[in-house]
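Trainee: Using only what follows, build the 3D model:
(chains A and B)
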Amino acid sequence: MSNNAISEIVKLKRKLYVELLKLVKSGDLTAEISNLSKKMITKDTARYRCCEFKERAIFEERIKAVLGFNIAENSKKSLEELAASLPRWQKKKRIVEVIGKACDSCPIDKYLVTDACRNCVAHKCVNSCPVKAIVVIQNKAYIDQDKCVECGKCAQACSYNAILENERPCSRACELDAISSDSNRQAKIDQKKCVSCGSCIAACPFGAITAISDLIEVALNLFAEKNNLAVMLAPSFLGQFGHQQSAAKVNYALKKVGFRLVREVAAGAEITAAAEAEELEEKIEFNKTLLSSCCPAFKKMVENEFEELSALISKTDSPMSVTAAEIKSKNPELKTVFVGPCTAKKAEALKDKNVDYVLNFAEMLALFTASNINLAQINEEEELNDAGQLGRQFAYAGGLQQSLKELTASDFKCRQLDGLGRLKKELYLIRANKHDYNFLEGMACSGGCVGGPFSIINQNLAKKLVKEFAESF
Amino acid sequence: MSKNILKICIGTPCHLMGAANLLESVEKFDCKLRQKIELKTSHCIDNCCDQAPVAEFNGKVYQNLNPEKLYKIIRENIK
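Mentor: Numbering: from 1, shown residues only, chains lettered A, B, ... in the order given. Next up is the predicted model:
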């Protein structure tokens, strides 16, 4: 995932964050929340749906997700009712969810004949089809969708490129085939396969898939000035808070907005790396393989689809988990907030008693915006030096592997792969014992965490900044 | 030859709404166009944060931008 161009739908979501936060700040959340959709979507705002009423209905579902409620379970409850019930104490059921009303029910048929078909004499499409699914009706080729096996040969054969491959963006983005469609042709997520990687959220042009957020709960704590929050910054945070905003500036600004403690997750990553290196020494001795455990989406995929390989996953806790445990052991009264580019961390946090909330970078920036804090206008800094290179380089693909090489005395072969599709193929090889290495570093997002679905800046730039920061220690 | 001055706001509200995209897109302009532009960053332009992201080109302020709009503005107003 390297697509961080900001579409209208992303802007709308981020504006919503800011507006909701302003309501929390002024204490009017419950009183004003039911007017928000009317205020933000008027007859004159740009419209993408049939009418402003449908747009508002969808918008209200989005608000529920930002408030932190699963949409399907709370469809009958009003926004007021939900806002009044905050803060909620039970954890969410799942992270990635389809907003039914927003899903446009894109066509399911994978191959379609377009008007460019000229009913030529050669009929290469008819000839190329291995299952005889193509016939010519009314001067145009026609694909019988009951017979079609979606092999794509007709599309390749056509001299006019008249046959279109037309896969839904959400299911194309999902490398684990977790998205199908229900009887209304709306997208449906198979929670047994979903690893909450967030690819579909970024891919849907209608913004119909969303992650259930912790933003408002964090804000309720923050703006009540309880002074009880600790931020854990993902190693990939460099550059995400604005052009040329240094780590030290981000640290200062976070404290200014009201967070009591700021920790680099890279500090936890150093501990993770050391523990993982020990595990690895053991595996090398018996010539076995170790799978990395720091990417929760990769770990979940192994557990879901390769049960017999799940014993190979490192037993070491993830950097987020280690960092949170450390904070809680020293300051049990604090609540921990992980900030990163990741949706899978939100799912991981549901099972981790030490991680209370997970935000993405945009949500944190919205917090700054709603608090009228502009990082570019701040000159003060406060040094941030929780971790060295071994932890900080976890942010990009290959970093973990590099750290382990430095920490492990014995020689070993390792492999690094990013992207769930590629990793899945590799796991088939491991299952068949057709591999020759002792360590596999798996990252679900291409490029590693810097390429996460909620990364704000270009991943090459992000990687460069992380490297500079890591080497500066 | 007088240079054309492009100021892009990098304040937090503008960053949230895609200032990084604008900066990135300017670096991807073709050489000839890029040479004519002097790129500066600003902490806040005109206090119009609710219309983010904002940029100023040759003294005129443009709001609610995206890379495509910015490119068109530059093409049409370049000296």
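Trainee: does the residue nearest to B:Gly59 when sequence neighbours are not counted belong to a helix or a strand, and which?
Mentor: If the residues on either side of it in the chain are set aside, B:Gly59 comes closest to B:Ile5, at 7.8 Å by CB to CB, 6 or more residues apart in numbering or on different chains. Using the backbone N, CA and C atoms, a C-beta is placed for each residue, glycine as well. Using DSSP states H and E, B:Ile5 maps to strand B:4-9.
Trainee: can you pull the contacts of the residue nearest to B:Gly59?
Mentor: Going by CB atoms under 8 Å, 6 or more residues apart in numbering or on different chains, B:Ile5 touches B:Ile37, B:Glu38, B:Lys40, B:Glu56, B:Phe57, B:Asn58, B:Gly59.
Trainee: ok, it to B:Ile37 distance?
Mentor: 8 Å (CB to CB, to the nearest Å).
Trainee: Compute the first-to-last residue distance for stretch A:24-34.
Mentor: 14 Å (CA to CA, to the nearest Å).
Trainee: Are it and chain B in contact anywhere?
Mentor: No: judged by CB under 8 Å from any CB of the partner chain, stretch A:24-34 makes no contact with chain B; its nearest approach is 15.1 Å.
Trainee: So what touches that stretch?
Mentor: Under CB under 8 Å, 6+ apart, the answer for stretch A:24-34 is A:20, A:23, A:63, A:78-80, A:83-84, A:86, A:216, A:219-220, A:223, A:370-371.
Trainee: Apply 7 Å and report the result again.
Mentor: Outside stretch A:24-34, the residues that touch it by CB atoms under 7 Å, 6 or more residues apart in numbering or on different chains are A:Leu23, A:Ile63, A:Ser78, A:Leu79, A:Glu80, A:Ala83, A:Ala84, A:Ile216, A:Ala219, A:Leu220, A:Phe223, A:Ala370.
Trainee: May I see those arranged in JSON lines, with pLDDT and neighbour count as well?
Mentor: As requested, those are exported to JSON lines (pLDDT from 0 to 100; neighbours: other CB atoms under 10 Å in any protein chain shown):
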{"residue": "A:Leu23", "pLDDT": "90", "neighbour count": "20"}
{"residue": "A:Ile63", "pLDDT": "91", "neighbour count": "22"}
{"residue": "A:Ser78", "pLDDT": "84", "neighbour count": "13"}
{"residue": "A:Leu79", "pLDDT": "85", "neighbour count": "22"}
{"residue": "A:Glu80", "pLDDT": "83", "neighbour count": "14"}
{"residue": "A:Ala83", "pLDDT": "83", "neighbour count": "23"}
{"residue": "A:Ala84", "pLDDT": "83", "neighbour count": "12"}
{"residue": "A:Ile216", "pLDDT": "91", "neighbour count": "26"}
{"residue": "A:Ala219", "pLDDT": "92", "neighbour count": "26"}
{"residue": "A:Leu220", "pLDDT": "90", "neighbour count": "14"}
{"residue": "A:Phe223", "pLDDT": "89", "neighbour count": "19"}
{"residue": "A:Ala370", "pLDDT": "92", "neighbour count": "22"}
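Trainee: shouldn't B:Leu65 be in contact with B:Ala55?
Mentor: Yes: between B:Leu65 and B:Ala55 there is a contact under CB atoms under 7 Å: 5.7 Å.
Trainee: which one's the longest helix in chain B?
Mentor: When chain B is parsed with DSSP state H, its longest helix is helix B:67-77.
Trainee: so that helix versus strand B:4-9, what angle?
Mentor: Relative orientation of helix B:67-77 and strand B:4-9, computed by axes from the mean of the first three to the mean of the last three CA atoms, to 10 degrees: 150 degrees.
Trainee: Just list whatever residues bridge to the nearest residue to B:Asp46 once chain neighbours are set aside.
Mentor: Once flanking residues are discounted, B:Asp46 sits nearest to B:Val61: 5.3 Å by CB to CB, 6+ apart. Residues in a beta bridge with B:Val61, per DSSP bridges, are B:Glu56.
Trainee: which residues touch B:Val61?
Mentor: Residues near B:Val61 by CB under 7 Å, 6+ apart: B:Ile45, B:Asp46, B:Val54.
Trainee: now swap in A:Ile373 and tell me
Mentor: Contacts of A:Ile373 (CB under 7 Å, 6+ apart): A:Ala253, A:Lys256, A:Val257, B:Thr12.
Trainee: Right, I'll leave it there.
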